[in-house]
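Asks: Please work out how this folds:
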Amino acid sequence: MKKKFLTVFFVLLACFGLSALSPAFPAFRALIAADDDDDEEDDEESQAAEDSEDGKDASEDSVEENSSDNEDEEEEDPFAKPKSKSKSKSKSGKKKAAKQKDDFAQEDEEDDFVVEKREKGVVHHHKEPDLGKVVVPTYLYTEASVRSKKLFELYKNDDLVIREEVNDFYRVEFLGKEGWVPRDDVRLEKWHTYRISLELAGGLAGGGGNFKGFDLIGNYTLRFNVGVIQDFVVGLEGRGLSLDTDNLYGGGGIMLRYYIHGLRTRKTRSALTAAAGYLCGVEKIADRTRPNGLLRFFGGPYASVNLDYFFRVWEYIAIGVGGDFTYLKMYGSFKGIDKSEELFQGGAHLTLMFNVLR
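Replies: Alright, predicted model coming up:
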């Protein structure tokens, strides 16, 4: 019985003792836990430092390994040529080749940049375009039809550049645009050498030679011209020559004219004309017994050279001014005596040209 009592007593005493110690137990436990945490943090920091040092060592080792690998690769490919060196060499080679190329050397190789090929040896000559003047108000059309779209309104006396003629329309250029204009609304301003033309010329001159007793020479010409090509004309002429009012000679011949290529504009031409023919006529000679004089017949060849400047006033009419020189050799007889006389004459004349057929 006493043993049971003592056992219970010691058990209760232990319980009271534990209950008395229980309030300080959590604080003690927390202190122990904090110490454990500090130890763990120190361990982690030391471990991180060791890891970083290991990483640095590893990176250095990897860099060294890479460099060594590159060196090994370079050493392994001894026949490889650096790109930079090859480019520089190629450039220098091109420069040397360009310097060595002879600009005057003829090459048979075709040029890839040539778009159209020209026939060798054929020289291009610029052909001056015709000019036209609008005679009535009209329009510049996009096509050769009055039903097509209108580009510009054209006024009277507008100047146009004629490109070509198709049917009843001209393809013209106006203010940088190309279009079509009815042919009847435009008058051509270009000088054309017509196939058939007529000339009427008259002038005054002075002269010398065996012919005596005159002060003024009258020179009159009527020509019928036929155009052979653009700048050459041949024709027939009738010519009259008078010495004052006493003597009159008449005749005719042939002529050849050349329109000088370098002395021309769109409305003017300069021409060199040569003619030759035969003149004949009568002369009045004063005589003491016959106050009205005696008449005698003379005739002979002549040759003349003219230089004319023509100005076209209309498509079918041109006016010319020029100078002429004529040599005349006359043969005849008077009172049974054969005589010959010479005449040199030079002067100026006016010409009116009518273009008949183009």
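
Asks: Could you list which residues are in contact with the closest residue to Pro129 other than its chain neighbours?
Replies: Spatial nearest neighbour of Pro129, excluding adjacent residues (C-beta to C-beta, 6 or more residues apart in numbering): Val161 at 5.2 Å. C-beta: built from backbone N, CA, C; applies to glycine. By C-beta atoms under 8 Å, 6 or more residues apart in numbering, the contact set of Val161 is Pro129, Asp130, Leu131, Gly132, Val172, Glu173, Phe174.

Asks: Would you mind giving these as a markdown table with pLDDT and distance to Ile217 added?
Replies: Putting these into a markdown table (pLDDT from 0 to 100; distance: C-beta to C-beta, whole Å) gives the following:
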| residue | pLDDT | distance to Ile217 |
| --- | --- | --- |
| Pro129 | 71 | 44 |
| Asp130 | 76 | 41 |
| Leu131 | 79 | 40 |
| Gly132 | 85 | 43 |
| Val172 | 93 | 49 |
| Glu173 | 92 | 50 |
| Phe174 | 91 | 51 |
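
Asks: farthest pair in these?
Replies: The span of these, defined through C-beta to C-beta, is set by Asp130 and Phe174 at 13.5 Å.

Asks: among the contacts of Val161, which are in strands?
Replies: Under the assignment DSSP state E, the contacts of Val161 contribute Asp130, Leu131, Gly132, Val172, Glu173, Phe174 to strands.

Asks: per the record, what domains does the chain have?
Replies: 130-188, 196-357 (automatic domain parsing).

Asks: Which of the contacts of Val161 are buried, as a PyMOL select command?
Replies: Command for PyMOL that selects the buried part of the contacts of Val161, burial taken from 16 or more other C-beta atoms under 10 Å:
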select buried, resi 130+131+132+172+174
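
Asks: any idea which of the contacts of Val161 is closest to Glu315?
Replies: Nearest to Glu315 among the contacts of Val161, with distances taken as C-beta to C-beta, is Gly132, at 10.4 Å.

Asks: thought that closest one was touching Val172?
Replies: Yes. Between Gly132 and Val172 there is a contact at 6.5 Å, judged by C-beta atoms under 8 Å.

Asks: and the residue nearest to Pro129, bridged to which residues?
Replies: Leu131, Glu173 (DSSP bridges).
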